[in-house]
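Asker: no FASTA, just this:
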């Protein structure tokens, strides 16, 4: 493999690894049964509605990843909804655009934001579920 092929491969891996779905807070796709179980248990829940082509989602992803790694958010159950392929869930959660974050405290929606890339306000939103 020559140097150009190696650099191309590294660039492709970097682009794929930085997609919002790869860096999403949870790394797990939305699952209705797991969502209902977390609600029944009174757990804090984050739903991250993202699209791989969305620049705002790409900006949110590392913020969410960092926050989810903090001890105070260790009990947050996080799900990702793909904006392009899960239209039924968009209707269920009344989401009209990608880069929407929804936080639940058990069965109650505690807050939501769309298009926010401010780490402080994203953390404040996440804290509403705790």
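Answerer: Looks like it came in fine. Bear in mind that the values here come from a model prediction, so they are computed numbers and not experimental data.

Asker: Tell me, please, the helix or strand in this protein that averages the lowest pLDDT.
Answerer: Sorting the helices and strands of the chain by mean pLDDT, DSSP states H and E puts helix 20-23 at the bottom, at a mean of 41.

Asker: after that one comes which helix or strand?
Answerer: Going down the chain from helix 20-23, the next helix or strand is helix 32-40, by DSSP states H and E.

Asker: Work out the gap between that next one and the centre of the chain.
Answerer: 17 Å (CA atoms, centre = their mean, to the nearest Å).

Asker: After it, which helix or strand is next?
Answerer: Downstream of helix 32-40, the first helix or strand assigned by DSSP H and E is strand 44-50.

Asker: just checking, next helix/strand downstream of that following strand?
Answerer: The C-terminal neighbour of strand 44-50 among helices and strands, as given by DSSP H and E, is helix 55-68.

Asker: Grab the most central residue of this structure for me.
Answerer: With distances taken as CA atoms, centre = their mean, residue 48 lies nearest the centre of the chain, 3.2 Å away.

Asker: Got the confidence number for it?
Answerer: The per-residue pLDDT reported for residue 48 equals 97.

Asker: Could you do the one 4 residues further on as well?
Answerer: As predicted, residue 52 sits at a pLDDT of 95.

Asker: Kindly report the same for residue 28.
Answerer: Residue-level confidence at residue 28 comes out at 89, pLDDT.

Asker: Around it, how many other residues sit close by?
Answerer: Counted with other CB atoms under 10 Å, the neighbours of residue 28 add up to 12. Placement of C-beta: from N, CA and C, glycine included.

Asker: Next one: the nearest residue to it once chain neighbours are set aside relative to residue 106, how far apart?
Answerer: With CB to CB, 6 or more residues apart in numbering as the measure, residue 79 is the residue that lies nearest to residue 28, at 6.4 Å, once sequence neighbours are left out. Plainly put, residue 79 is 15 Å away from residue 106 if you go by CB to CB, to the nearest Å.
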